[in-house]
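Engineer: My questions are about this predicted structure, shown below with the sequence.
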Amino acid sequence: MVELSTQYAEGFLPGAEEEAELLSAVKAAAQTLTDGSGKGADFLGWQTLGGDINHAYNAGRHGEYQRMKAAALRIQEQSDVLLVIGIGGSYLGARAVIEGLQGRYRNELTNGLRVYFTGNSLSAADLADITALTEGKRFSINVISKSGTTLECAAAFRYFRDLLSRRYPDNPEEVKARIYATTDAARGALKAQADAQGWETFVVPDDVGGRYSVLTAVGLLPILAACGAEASDSLLAGAAAAEAAYAEDAQSLSANACWHYAALRAYFYLKAGYKAEILSSYEPSFVMFTEWWKQLFGESEGKDGKGLFPAGVNFTTDLHSMGQYIQEGERLFFETVLQFEAADNPLAIPSADSDGDKLNYIAGKAFHEINRTAFTATAIAHQGGKVPNLVLTVPKRDAESLGWLIAFFEKACALSGYLIGVNPFDQPGVESYKRYMFTLLGNKDPKYDPVREELITRYGIVL
């Protein structure tokens, strides 16, 4: 399903001896994932999510996925708007899939449920805008948080829960029926609230970290509500096929695109001196997929003073902004390009009697063909500018292809982490700013006493 081409990376690739070493290393990393002998082994449940859910549901055994489908139908029937409250992996995957399938303007174009994502910042202006979008609308909430105490999510949830209560001041049962909590199976503040209030809950599995969770209820409930059961089933089927394909042993890197991609990333970083990777796509609807990819690789690899910096661009748009730096700036990065083989539609350039814009030479050409030509020209130019391009091609922009891509990148990310010597499943650095933020906001928990002392002695901040 995913094809990896190195045509536009020639001149920058490993030789035969280095490739053999890479194959041996990636085989060892894959075995580490299979037998769970590496760091972060408690978070390997993502490896078979697509297949597990797909097979169990088809056999009539997956009650959780069945409940998700039923809840999604209720949300569609009882609401005009669904607010998905989450941050990081709690919203990026779902938004990436929804916009990837239905486009950036799906909320303006749909006659059905509109889906808005909030709880991913602390901006009052953004909250006010989301509030305005619910005016005169029936709305439901899907709050997504393992702990329930992540500040951005918890604050937004409290705010919109209060708004929901004020919409139905004399009907607490109506409020209860409009809240769906995706959280820990047994622990945490959100789970305790949900049990006490009677909200329907869905589980974030203990062995799946947030950035790997799009194929759990974290992503699937919003995807079901926005895109429907057929799309969700196809997403899981694509992921299941990829999981099976990339679990097979390969005798060469070219025989396994996922292994090959992970190995080349490691080679570019460890041997060729590159410091960053740019993910580019020629489809604006894939901007949020790039954001999901950035979190996946950034949180997984960026630690212990190591890791490629994951950046993203949207072409051809960003050729008119970042294009100059990519072509001629400091040579820090390589590029990975996402391509879709099939055209979404037959839109074409019309002919004009007056050729004032000098475009009649492409009259009749489909925009998809022009876009593909822009990709080819850009890849050639960037290769000439000493930016090697890896090209990932999938058949078309549909749910099955997205499921395959998700499984591809998750597996490649885990392999890459092990190849460069980090634990790809923890994120200790994200806790650092939180200690300062909670202390500055006035949290009196004794565990923040050392932080409070540092703020006083180093910055003169008296709390």
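Structural biologist: Good, I have the coordinates.
Engineer: just for the stretch 51-200 of the chain, where's the confidence low?
Structural biologist: The model of the stretch 51-200 of the chain has pLDDT under 70 over residues 55-62.
Engineer: Sorry, slip of the keys, the one I care about is the stretch 351-463 of the chain.
Structural biologist: 449.
Engineer: all strands for it, in order.
Structural biologist: 389-394 (DSSP state E, counting those that start in this stretch).
Engineer: Which parts of it are helices?
Structural biologist: 367-384, 399-420, 430-440, 449-459 (DSSP state H, counting those that start in this stretch).
Engineer: Could you do the stretch 51-200 of the chain as well?
Structural biologist: Using DSSP H, counting those that start in this stretch, helices in the stretch 51-200 of the chain cover 63-78, 92-102, 106-109, 124-134, 151-167, 172-177, 189-197.
Engineer: right, and these - which one's nearest Q47?
Structural biologist: helix 92-102 (15.9 Å; Cβ to Cβ). Every C-beta, even on glycine, is put in place using the N, C-alpha and C of the backbone.
Engineer: Of the helices of the stretch 351-463 of the chain, which is nearest G38?
Structural biologist: helix 399-420 (5.7 Å).
Engineer: Can you tell me how far the residue nearest to S79 when sequence neighbours are not counted is from V115?
Structural biologist: Nearest-residue entry for S79: S140, 4.3 Å, with adjacent residues in sequence omitted and distances by Cβ to Cβ, 6 or more residues apart in numbering. Using Cβ to Cβ, to the nearest Å, we find S140 at a distance of 10 Å from V115.
Engineer: Could you do T457 as well?
Structural biologist: 47 Å.
Engineer: Who has more neighbours out of those two?
Structural biologist: V115 (25 against 9; other Cβ atoms under 10 Å).
Engineer: just checking, the more buried one touches A225?
Structural biologist: Yes. Assessed by Cβ atoms under 8 Å, V115 is found in contact with A225 at 6.7 Å.
Engineer: shared neighbours, those two?
Structural biologist: L82 (Cβ atoms under 8 Å, 6 or more residues apart in numbering).
Engineer: burial count for D304?
Structural biologist: 12.
Engineer: That one reaches D426, doesn't it?
Structural biologist: No. Contact criterion Cβ under 8 Å: D304 and D426 do not qualify, at 10.6 Å.
Engineer: quick check: domain ranges of the chain?
Structural biologist: Domain ranges of the chain: 3-38+248-420, 45-235, per automatic domain parsing.
Engineer: among these, which is nearest Y433?
Structural biologist: domain 45-235 (10.6 Å).
Engineer: Please report how far F367 lies from A125.
Structural biologist: Distance from F367 to A125, by Cβ to Cβ: 35 Å.
Engineer: more neighbours, those two?
Structural biologist: F367 (15 against 8).
Engineer: residues in contact with the more buried one?
Structural biologist: Contacts of F367 by Cβ under 8 Å, 6+ apart are L347, A348, I349.
Engineer: How about W293?
Structural biologist: L279, P310, G312, F409.
Engineer: quick revisit: so which of the contacts of F367 are in helices?
Structural biologist: The subset of the contacts of F367 located in helices under the criterion DSSP state H is empty.
Engineer: Just the endpoints, please. Distance across stretch 5-18?
Structural biologist: 18 Å (Cα to Cα, to the nearest Å).
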